[in-house]
Structures are given as structure tokens and as C-alpha cells.
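**Q** Below: sequence and its predicted model.
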Amino acid sequence: MPSPGDSLPKLRQAHVSDHSTLVLCVQRWWGDSRTPEQARELSRLLPRLFLQYFATTSLVAEDEQGIRAFLVGFHSADDERSAYIHFVGVDPRLRGRGLARELYSAFFRRAAAAGRREVRAITSPGNTGSLAFHRAMGFALEEGDRRIDGLPVHTDYDGPGEHRVCFRKTLVDEPSAPASTR
């Protein structure tokens, strides 16, 4: 297990060739909290098309041991102001060391550089870790059509019974350099 002083894996752009590894990562990394069938089902949220069409906006964290974390996200084709984070995974042995924060921050910078002004994401109402993380990253919860345990929830967002909490983060422009005096 890495010690707190160890450096984090290096970030790089994702490639379509990463797909099979990412699917295996999802199945392995979520295997401690789900049955093997549930972990396989979760990995189906990451079809190859995301890396075929959104590799340039997706990130992988890699070191000598291989892929240790990833973020699959994209810039909206229908809303030039928005970007969306679809799926993020971090090797359980590296959780709590700032790797997810680094992935999100890099995605925010890239989205802002592309003219995007907001980033959206969703999670399940019961995913307390995801809820806390998104809030800590500056995401606001969007109003839903009902409340569950005090949370604004969008009922049937991903189909019958598949309720979701929706997040939105406004990206702030970097402060501009002071104008030079003549």
C-alpha cells in the first residue's frame, strides 16, 4: 500500500485502447461493495463508445502498476456552455489521497479552456461518498421533483425506479493579468 508521501500517478488523455482495462477496473474496484454480477452490471455504464468519441475529454491516471484511476467526461454537443462527468473510478488502494480531486480539477481546467462554463454530474441518492465528494468539489445540488432523506431527487431519471441527484458546478474564469501600463 502506498504511503502518504508517495507521488500520485500521472494523468494522461484516455485512449480507446484503455476500454477493456477500464471495464476490468470497474469490476475489480467495486467488487468489495457489490456482488460480481452487480459489478459487471456497473461496468456496462462504460461502453466503448465513450472512449471512441470522448477520449480527448477523458482522463486516465497511470503509474508503473498500470491504470489507477480514470474520469470519463465530455463536452455537450447540444449546450456549448456545458460539460458532463459520466464515470469516475479510483483504485481503492489510492482513495483518500486526492487523485479524484486531481482528475476533476484537470477536467475543469480543460472544460474552461474549451469555453465551457459549467460541469454537470449525477449520482444515486444513497451514494453518500459521491454526494460528499461532489459537494466538497463545489458542486451545487439541482432541485428535483421530490426529496428523499432531505436530498433533491429527480425520480426515474435513468428509468423506472432509477432516481438520481443532479449536480452543477459553475466554472470561474481565471483572474486576468493586470493590464500593463504605458
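**A** Okay, I see it. A quick note: this is a predicted structure, and the numbers were derived from the prediction, not measured. Numbers count the residues shown, from 1 in each chain.
**Q** pLDDT weak spots in the chain?
**A** Across the chain, residues meeting the criterion (pLDDT under 70) sit at 1-6, 173-182.
**Q** The residue nearest to residue 90 when sequence neighbours are not counted: how many residues sit nearby?
**A** Leaving aside its chain neighbours, residue 90 sits nearest to residue 69 (4.2 Å; criterion: CB to CB, 6 or more residues apart in numbering). All C-beta spots, glycine's among them, are computed from the backbone N, C-alpha and C. Counted with other CB atoms under 10 Å, residues neighbouring residue 69 total 25.
**Q** and residue 69, how far is that from residue 35?
**A** 23 Å (CB to CB, to the nearest Å).
**Q** now residue 84
**A** Relative to residue 35, and taking CB to CB, residue 84 is found at 29 Å.
**Q** of those two, who's got more company?
**A** Set side by side, residue 84 and residue 35 show more neighbours around residue 84, with 20 against 9, by other CB under 10 Å.
**Q** which residues touch that one?
**A** By CB atoms under 8 Å, 6 or more residues apart in numbering, the contact set of residue 84 is 73, 74, 75, 76, 119, 120, 121.
**Q** before we move on, what about residue 142?
**A** Per CB under 8 Å, 6+ apart, neighbours of residue 142: 152, 154, 166, 167, 168.
**Q** So what's the residue count around the closest residue to residue 135 other than its chain neighbours?
**A** Computed as CB to CB, 6+ apart, the closest residue to residue 135 that is not its neighbour in sequence is residue 141, at 7.7 Å. Residue neighbour count, defined by other CB under 10 Å, stands at 15 for residue 141.
**Q** Next: residue 81.
**A** Residue 81, neighbours per other CB under 10 Å, totals 13.
**Q** Check residue 136 too.
**A** Neighbours of residue 136 (other CB under 10 Å): 9.
**Q** measure it to residue 81 for me?
**A** Taken as CB to CB, the span from residue 136 to residue 81 is 24 Å.
**Q** just the helices in the protein please.
**A** Taking DSSP state H, the helices of the chain run over residues 19-29, 36-43, 49-53, 99-113, 128-136.
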